[in-house]
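Undergrad: predicted model and sequence follow; I will ask about them next.
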Amino acid sequence: MPKSVFTGAHKHLVAILIAARRRADLNQTQLGELIGKDQKFISLIERSQRRVDVLEFYAIAKALNLDPVKLYASLVKRLPEKVDI
């Protein structure tokens, strides 16, 4: 299995998204359907094999019936002062 191409702060984003999906009691397939993507798309994100852009983050949050701003704020609280990109 290939290692993640992303390190550091990205793991916090992935953890936030996985936890939010699980709290919504959705599997990857169900979330993918809600945003018009397949299960593999969600899996790649959750395995840190694909970055999430801001519009995808927004769509995922809305699909999970979450306020994207509040979800992002929860991410910001977990990030270090300096983030490598």
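TA: Right, received. Where do you want to start? Keep in mind the model is a prediction, meaning the values are calculated, not measured.

Undergrad: CA only for contacts and neighbour counts going forward, please
TA: Will do.

Undergrad: residue 23 and residue 84, how far apart?
TA: 29 Å (C-alpha to C-alpha, to the nearest Å).

Undergrad: ok, now residue 69?
TA: 22 Å.

Undergrad: mind checking the longest helix of this structure?
TA: When the chain is parsed with DSSP state H, its longest helix is helix 10-23.

Undergrad: next, the contact list for the residue most central in space within the chain, please.
TA: Residue closest to the average C-alpha location in the chain (C-alpha atoms, centre = their mean): residue 17, at 3.6 Å. Listed by C-alpha atoms under 8 Å, 6 or more residues apart in numbering, the contact set of residue 17 reads residue 46.

Undergrad: pLDDT value on it, please?
TA: Listed pLDDT for residue 17 reads 98.

Undergrad: ok, it to residue 30 distance?
TA: Distance from residue 17 to residue 30, by C-alpha to C-alpha: 14 Å.

Undergrad: okay, and for the chain, where does confidence drop off?
TA: Applying pLDDT under 70 to the chain flags residues 1-5, 7.

Undergrad: just the buried positions in stretch 49-66, please.
TA: 49-52, 57-61, 63-64 (16 or more other C-alpha atoms under 10 Å).

Undergrad: end to end, how far does it reach?
TA: End to end - C-alpha to C-alpha - stretch 49-66 spans 24 Å.

Undergrad: cool, and stretch 50-59?
TA: 16 Å.

Undergrad: for it, what is the distance to the chain centroid?
TA: 7 Å (C-alpha atoms, centre = their mean, to the nearest Å).

Undergrad: swap in stretch 77-85?
TA: Here stretch 77-85 shows a centroid-to-chain-centroid distance of 16 Å under the convention C-alpha atoms, centre = their mean.

Undergrad: repeat that for stretch 57-74.
TA: Distance of stretch 57-74 from its chain centroid, counting by C-alpha atoms, centre = their mean, is 9 Å.

Undergrad: who's in contact with residue 42?
TA: Residue 42 touches 28-29, 31-32, counting by C-alpha under 8 Å, 6+ apart.

Undergrad: swap in 6 Å and give it another go.
TA: By C-alpha atoms under 6 Å, 6 or more residues apart in numbering, residue 42 lies in contact with residue 28.
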